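S.K.: Below are the sequence and a predicted model for it; my questions follow.
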Number of protein chains: 2
Amino acid sequence: MFFSIDANNGVAIYEQVVRQVKFAIAEEALQPGQLLPSIRALSVDLALNPNTVARAFQQLQSEGILETVRGRGLAVCAGVAERCKELRRELISDRLRSALSEALRGGLNTEEIQAIVQQQLQELTSQVASQ
Amino acid sequence: MFFSIDANNGVAIYEQVVRQVKFAIAEEALQPGQLLPSIRALSVDLALNPNTVARAFQQLQSEGILETVRGRGLAVCAGVAERCKELRRELISDRLRSALSEALRGGLNTEEIQAIVQQQLQELTSQVASQ
DNA sequence: GACAGTGTACTATGTAACTAGTACACTAGG
DNA sequence: CCTAGTGTACTAGTTACATAGTACACTGTC
């Protein structure tokens, strides 16, 4: 599957699953109507407890992004792609803002911060390219 | 005092205190030999439990950044300013890297991410300026 | 009908983080 | 000496998160 979990991320594991499902819908890697991998299958893939995955899916359901298909599984609701794109932008913006705010409060100036961002982006993209 | 705590940051509160003390030393807002505000005073300022502040200070002590002056308080060790500057860069880089990595995995491209960083930096600096 | 695969619900356990409160030894200053 | 202010060291309780295991109702397929 597409998801990757980092246990000591600050972000709770179930929350990481929630975010990455939203991202997958935003990327259109998950289409409306499409069934998600089952709770049990995904928990094996990600080496998580089924309850943790179930909690993530329940939250997505309560947000109106997934819906239950009785006896079949959970499917992506119709017409949520656009909303997921907005959510993705908000989630990423908030997290970046929090990190940038700490950097500013820590006494770094804008130029130093931008340099760090460039360096990290370069490292990350070259990593992905070499995979 | 200089510190500001954000309770739902992902970063544990005691860890935020640890980081901000390091940042203050890196900024030379705290000089070597200088006494820090007392655990009790700081806990009142930040509306935290004294134990939480004590835990942060104990960690800083075990890292060799603060030292006990019996009956007086905790003081910044001599010659740690340079190390704190390195630590500050590492801490901020790691956190930014984590956020940027999520953004890339979420399907945003480098240009979109850079645009978000610029926007957030601009908002944050104009906020600070208007304070 | 039988079975396997769904989501859902429940209780229980363990850990980390934070809070609450108390007690003690030490030092500086009157 | 006495008092107030230090750090330090406990025990306890709460919350959030993750894990472990079990049970149930539903659906699709044979």
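M.R.: Received, thanks.
S.K.: now the residue of chain A found nearest chain B, what's its secondary structure?
M.R.: The nearest approach of chain A to chain B comes at residue A:10, 3.2 Å away (C-beta to the nearest C-beta). Where C-beta positions appear, they are placed from N, C-alpha and C, glycine not excepted. Put simply, residue A:10 is coil when judged by DSSP: H, G, I helix; E, B strand; the rest coil.
S.K.: I'd like to know how many residues surround it.
M.R.: Residue A:10 has 16 neighbouring residues, counting by other C-beta atoms under 10 Å in any protein chain shown.
S.K.: from what I can see it touches residue B:10, true?
M.R.: Yes. Counting by C-beta atoms under 8 Å, residue A:10 touches residue B:10, with 3.2 Å between them.
S.K.: need the longest helix for chain A.
M.R.: For chain A, the longest helix by residue count, based on DSSP state H, is helix A:81-105.
S.K.: angle of it against helix B:81-105?
M.R.: If you take axes from the mean of the first three to the mean of the last three C-alpha atoms, to 10 degrees, helix A:81-105 sits at 170 degrees to helix B:81-105.
S.K.: Point out the other helices and strands that helix A:81-105 packs with.
M.R.: On a contact count with 3 or more C-beta pairs under 8 Å, 6 or more residues apart in numbering or on different chains; DSSP states H and E, helix A:81-105 meets helix A:13-26, helix A:110-129, helix B:13-26, helix B:81-105, helix B:110-129.
S.K.: Apply 7 Å and report the result again.
M.R.: Using 3 or more C-beta pairs under 7 Å, 6 or more residues apart in numbering or on different chains; DSSP states H and E, the elements in contact with helix A:81-105 are helix A:13-26, helix B:81-105, helix B:110-129.
S.K.: Do me a favour and average the pLDDT over the shortest one.
M.R.: It stands for helix A:13-26. In this model, helix A:13-26 has a mean pLDDT of 96.
S.K.: could you give the mean pLDDT of the next helix or strand after that helix?
M.R.: Using DSSP states H and E, the helix or strand that follows helix A:13-26 in sequence is helix A:39-45. Mean pLDDT, helix A:39-45: 94.
S.K.: Ok, stretch A:86-104 next?
M.R.: pLDDT averaged over stretch A:86-104 gives 96.
S.K.: export that stretch as CSV, just CAs?
M.R.: Only the C-alpha atoms of stretch A:86-104 are listed here, as CSV (Å, rounded to 0.1, in the frame of the first residue of the first chain):
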residue,chain,number,x,y,z
GLU,A,86,-8.1,21.6,0.4
LEU,A,87,-7.6,19.6,3.5
ARG,A,88,-4.2,18.4,2.3
ARG,A,89,-3.1,22.0,1.8
GLU,A,90,-4.4,23.0,5.2
LEU,A,91,-2.8,20.1,7.0
ILE,A,92,0.5,20.6,5.4
SER,A,93,0.4,24.3,5.8
ASP,A,94,-0.4,24.1,9.5
ARG,A,95,2.4,21.6,10.1
LEU,A,96,5.0,23.7,8.2
ARG,A,97,3.7,26.9,9.9
SER,A,98,4.3,25.3,13.3
ALA,A,99,7.9,24.3,12.4
LEU,A,100,8.6,27.7,10.8
SER,A,101,7.2,29.5,13.7
GLU,A,102,9.5,27.6,16.1
ALA,A,103,12.5,28.4,13.8
LEU,A,104,11.7,32.1,13.9
